[in-house]
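Novice: Sequence plus the predicted model coming up.
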Amino acid sequence: MTTELETKAVKLFSAKDLVYVRRIAEDELAELAPEALDAVSDTDSLFVLANGEGLQLAIIEGRDAAFAAARAHEMRPVSVH
């Protein structure tokens, strides 16, 4: 039996406008073309926007900028650690 709370949680975490914001992983950095990082001043400030399935939608410099970009595209950003 599914509870009301479980039903709400499923809707929340499978929402199409939900996007997850997390710091980019070292292995993801290694996979990028070197020229992709030419304009980046600090690789520790890179964040990934990903959908609920883990598909990488964007890499953005700065956490605040990542949240702003998500909102600008009518998405609801959620921080992931």
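Specialist: Thanks, I have it.
Novice: Give me the next element, helix or strand, following the helix or strand bottoming out on mean pLDDT in the chain.
Specialist: Using mean pLDDT, DSSP states H and E, the weakest-scoring helix or strand in the chain turns out to be helix 4-13, at a mean of 66. Next along the chain after helix 4-13, taking DSSP states H and E as the criterion, comes strand 18-23.
Novice: Could you check how many residues crowd around Leu5?
Specialist: Neighbour count of Leu5, defined by other CB atoms under 10 Å: 8. For glycine as for every other residue, the C-beta is placed from the backbone atoms N, C-alpha and C.
Novice: Begin at 163 from now on, thanks
Specialist: I'll keep to 163 as the first residue from here, and by that count the last item is Leu167.
Novice: can you tell me how far it sits from Glu236?
Specialist: 27 Å (CB to CB, to the nearest Å).
Novice: cool, Asp226 as well?
Specialist: 18 Å.
Novice: check contacts around the most centrally placed residue in the chain.
Specialist: The centroid of the chain falls nearest to Leu211 when counting by CA atoms, centre = their mean (2.2 Å). Going by CB atoms under 8 Å, 6 or more residues apart in numbering, Leu211 touches 181-183, 218-222, 228, 231-232, 237, 239.
Novice: and the helix or strand harbouring it, which strands flank it?
Specialist: Per DSSP H and E, Leu211 falls inside strand 208-212. With DSSP bridges as the test, strand 208-212 is paired with strand 180-185 (antiparallel), strand 218-223 (antiparallel).
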